[in-house]
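Novice: Structure for the following, please:
(one chain, ligands or ions: 1)
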Amino acid sequence: MAVATRYEVVVGLEVHAQVLTQSKMFCGCSTDYLTTPPNANTCPVCLGLPGSLPVINRRAVEATIRTALALNCEIPEFSKFDRKNYFYPDLPKGYQISQYDLPFSRNGHLDFDVKGEARRCGITRVHLEEDTGKLQHAGAIEESQSSLVDFNRAGVPLMEIVSEPDLRSADEAREYVMRLRAILQYIGVNNGDMESGQLRCDANVSLRPVGQAEFGTKVEVKNMNSFRAIHRAIEYEIGRQTEVLDTGGRLVQETRGWNDARGLTVSQRTKEFAEDYRYFPEPDLPPLEVSREWVAEIRSSLPELPAARRERFITAYGLTPYDASLLTSSKPMAAYFEETVRLGAPAKAVANWILSDFSRLLNADHKEIEEASVKPTHLQQLIELIDSGVISGKMAKETFEVMYRAPDPAPALTALKGSSQISGDAELEAIAEQVIAENAKSVADFKAGKQQALKFLIGQGMKISKGRANPQRLEASLREKIK
Ligand SMILES: [Zn+2]
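Specialist: Numbering: from 1, shown residues only. Alright, predicted model coming up:
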């Protein structure tokens, strides 16, 4: 969909990331809501029963500060939790404990690049709240006879990472979320799984005439559960809003849901304003003083972040900025790359394998690299077979796919080593004889002193053997026979 040049696109993102903790935000219940039966992980606190009192999960606070520091935020000394009041069936208390005016962090930024150009998006804040339960409708929501509620997810710690409206296209928004996801994975606070909703993204999209300082009416788009969906939804919304403005219509501030199957956004409700939530300080929790010592301790425990790792990959391994960006966009992929190189494979070759054939197969299967049966040691051995001339690049590609599909890649690799290399004298001699018989002219040329002719003959032998002949031994055999 073409973006009209007379409007400027303004996008801000709200990313919700479940914090990887063992227990919930304000009680001791397990956070494992995916594999337990409905409502198994509940207690009076997360069910909101009268008289129950919440207790703050220190690990969740630490993870939030950790995230905020990785996003270059300031960490205020004082913070508090607030009640956000609204009624919804998956919210047992009738309010959500969140943060309002004194969150754990503010004023950060995230750097990323789009097609090689550097961009920076401001981070308004990273705050902490509790997740809601989940409604299960029997069939489609419109026709469902009943809805069931599962409170296993209610009270799971949830970080909200709010960006400034600094993004100017769907490409930038997608890149921002990819970078953010990588950072969350690197620092170990979230698993980055968008499909199961452990990382969720809402986009605020508006348009304004080029040159106008004031923002246009913003529309919030929800329900995007992949990078592709984020990109498509924003593109769709830009197109829809352009059309409304072009035809003299007015946009209303509303929430729209992305329907991935139909490829469009659908109005859900007109947007409520912050005051509708009647925020007030959570009376059951004390305000928090975040000591500078604690912040310093968390800061010093931060690992190497994606941006730093990318720079290191460029300088230490001689990779292109583009390859380094892709490799470091996922922590497991970066680790896989480094392990394969550590085993002795050349960096450039490893990067090529991971970013081409390997990624293509993984993407088709919706798999992460650490789930693949091909381990760094297998890839290293395969690359070694190519580099030492034992197998051709074409054979390696074919075998890689076989290795990838097999539960254990070792046999395919062993078979390749055994069957591939034609080094046996009898077999090589037969190939050499066939080449000589079929190329009398080149043989004569070589005898007359043309070295190029020998190269051609070797090439013919490689062809006959489908790339399986050992080129050095084939050459020796040809020289021997032509003498
Ligand atoms: Zn509980």
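Novice: Next up, the contacts around the nearest residue to Pro407 once chain neighbours are set aside.
Specialist: Distances taken as CB to CB, 6 or more residues apart in numbering place Ser373 nearest to Pro407, at 5.7 Å, with adjacent residues excluded. From N, CA and C alone the C-beta is placed, and that goes for glycine too. Listed by CB atoms under 8 Å, 6 or more residues apart in numbering, the contact partners of Ser373 are 403-404, 406-409.
Novice: count of residues packed around Ser163?
Specialist: Applying other CB atoms under 10 Å, we find 26 other residues in the vicinity of Ser163.
Novice: From the ion, how far out is it?
Specialist: With distances taken as CB to the ion, to the nearest Å, Ser163 is found 31 Å from the ion.
Novice: Just read off the phi/psi values of that residue.
Specialist: Backbone torsions for Ser163, taken as degrees, to the nearest 10, come to phi -100, psi 160.
Novice: tell me the pLDDT at the closest residue to Leu428 other than its chain neighbours?
Specialist: In this structure, Leu428 finds its nearest non-sequential neighbour in Ser477, 4.8 Å apart by CB to CB, 6+ apart. pLDDT recorded at Ser477 is 89.
Novice: Return the list of helices and strands in contact with the helix or strand where Ser477 lies.
Specialist: Taking DSSP states H and E as the definition, Ser477 sits inside helix 471-482. Packing partners of helix 471-482 (3 or more CB pairs under 8 Å, 6 or more residues apart in numbering; DSSP states H and E): helix 425-438, helix 440-447, helix 451-464.
Novice: Tell me what angle the last one forms with helix 471-482.
Specialist: Relative orientation of helix 451-464 versus helix 471-482 (axes from the mean of the first three to the mean of the last three CA atoms, to 10 degrees): 120 degrees.
Novice: Surely Arg119 touches Asp171?
Specialist: No: using CB atoms under 8 Å, Arg119 is not in contact with Asp171; the gap is 9.7 Å.
Novice: Look at those two and report which has more neighbours.
Specialist: Taking neighbours as other CB under 10 Å, Arg119 and Asp171 compare with Arg119 leading, 18 against 15.
Novice: Just give the nearest non-adjacent residue to the more buried one, would you?
Specialist: In space, Arg119 is closest to Phe112, 5.6 Å off (CB to CB, 6+ apart).
Novice: Assumed that neighbour was part of a strand.
Specialist: Yes: counting by DSSP: H, G, I helix; E, B strand; the rest coil, one finds Phe112 located in a strand.
Novice: Count the residues that sit near it.
Specialist: By other CB under 10 Å, 23 other residues sit near Phe112.
Novice: ditto for the one 4 residues further on
Specialist: By the criterion of other CB under 10 Å, Gly116 has 8 neighbours.
Novice: Tell me where the stretch 351-483 of the chain is predicted with low confidence.
Specialist: The stretch 351-483 of the chain contains residues with pLDDT under 70 at 418-423.
Novice: Output the residue of it whose distance to the ion is smallest.
Specialist: Glu368 (30.5 Å; CB to the ion).
Novice: Most proximal residue of the stretch 151-300 of the chain with respect to the ion?
Specialist: Gly155 (5.6 Å).
Novice: so that residue is in which element?
Specialist: Counting by DSSP H and E, no helix or strand carries Gly155.
Novice: how close does the residue lying closest to it once chain neighbours are set aside sit to the ion?
Specialist: Leaving aside its sequence neighbours, Gly155 sits nearest to Cys46 (CB to CB, 6+ apart; 3.6 Å). Separation of Cys46 from the ion (CB to the ion) stands at 3 Å.
Novice: what comes up buried for the longest strand along the chain?
Specialist: Looking across the chain with DSSP state E, the single longest strand is strand 117-130. Buried residues in strand 117-130, counted by 16 or more other CB atoms under 10 Å: 119, 121-130.
Novice: could I get those as JSON lines with distance to Glu195?
Specialist: Compiled in JSON lines, those are given as follows (distance: CB to CB, whole Å):
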{"residue": "Arg119", "distance to Glu195": "26"}
{"residue": "Cys121", "distance to Glu195": "24"}
{"residue": "Gly122", "distance to Glu195": "28"}
{"residue": "Ile123", "distance to Glu195": "25"}
{"residue": "Thr124", "distance to Glu195": "27"}
{"residue": "Arg125", "distance to Glu195": "26"}
{"residue": "Val126", "distance to Glu195": "23"}
{"residue": "His127", "distance to Glu195": "25"}
{"residue": "Leu128", "distance to Glu195": "24"}
{"residue": "Glu129", "distance to Glu195": "22"}
{"residue": "Glu130", "distance to Glu195": "22"}
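Novice: Identify, from those residues, the entry nearest to the ion.
Specialist: Nearest to the ion among these, with distances taken as CB to the ion, is Glu130, at 10.2 Å.
Novice: Please enumerate residues in contact with the lowest-mean-pLDDT helix or strand in the chain?
Specialist: Lowest mean confidence among the helices and strands of the chain (mean pLDDT, DSSP states H and E): helix 410-420, at a mean of 76. For helix 410-420, the surrounding residues in contact (CB under 8 Å, 6+ apart) are 378, 381-382, 385, 390-391, 395, 399, 402-403, 406, 468.
Novice: How about stretch 333-353?
Specialist: So stretch 333-353 is contacted by 306, 309, 313, 317-319, 323, 327-328, 354, 369-370, 376-377, 379-380, 382-384, 386-387, 400 (CB under 8 Å, 6+ apart).
Novice: From these, list the buried ones, please.
Specialist: 306, 309, 313, 317, 319, 323, 327-328, 354, 369, 376, 379-380, 382-384, 386, 400.
Novice: Which residues outside stretch 87-95 are in contact with it?
Specialist: 46-48, 83-86, 132-135, 147, 149, 151, 154.
Novice: Just the buried ones from those residues?
Specialist: Using 16+ other CB under 10 Å, the buried ones in these are 46-48, 83-84, 132-134, 149, 151, 154.
Novice: Next, format the residues you listed as TSV and append pLDDT and distance to Leu288.
Specialist: Formatted as TSV, those follow (pLDDT from 0 to 100; distance: CB to CB, whole Å):
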residue	pLDDT	distance to Leu288
Cys46	95	20
Leu47	95	25
Gly48	92	22
Arg83	96	16
Lys84	95	18
Thr132	95	23
Gly133	95	26
Lys134	92	29
Val149	94	31
Phe151	96	26
Ala154	96	22
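Novice: Looking at those residues, which is nearest the ion?
Specialist: When these are ranked by distance to the ion (CB to the ion), Cys46 comes first, at 3.3 Å.
Novice: got the contact list for the lengthiest helix in the chain?
Specialist: Ordering each helix of the chain by length in residues (DSSP state H) puts helix 227-246 first. Here helix 227-246 makes contact (CB under 8 Å, 6+ apart) with 1-4, 7, 9, 11, 169-171, 173-174, 177-178, 194, 201, 203, 205-207, 216, 219, 221, 224, 250-251, 256, 258, 260, 263-265.
Novice: mind listing what the closest residue to Thr42 other than its chain neighbours touches?
Specialist: Distance criterion CB to CB, 6+ apart; nearest residue to Thr42, sequence neighbours excluded, is Phe151 at 4.9 Å. Each residue near Phe151 by CB under 8 Å, 6+ apart is listed here: 39, 42, 46-47, 90, 92, 133.
Novice: what about 7 Å?
Specialist: 39, 42, 46-47, 92, 133 (CB atoms under 7 Å, 6 or more residues apart in numbering).
Novice: With Tyr404 instead?
Specialist: Contacts of Tyr404 (CB under 7 Å, 6+ apart): 361, 372, 374.
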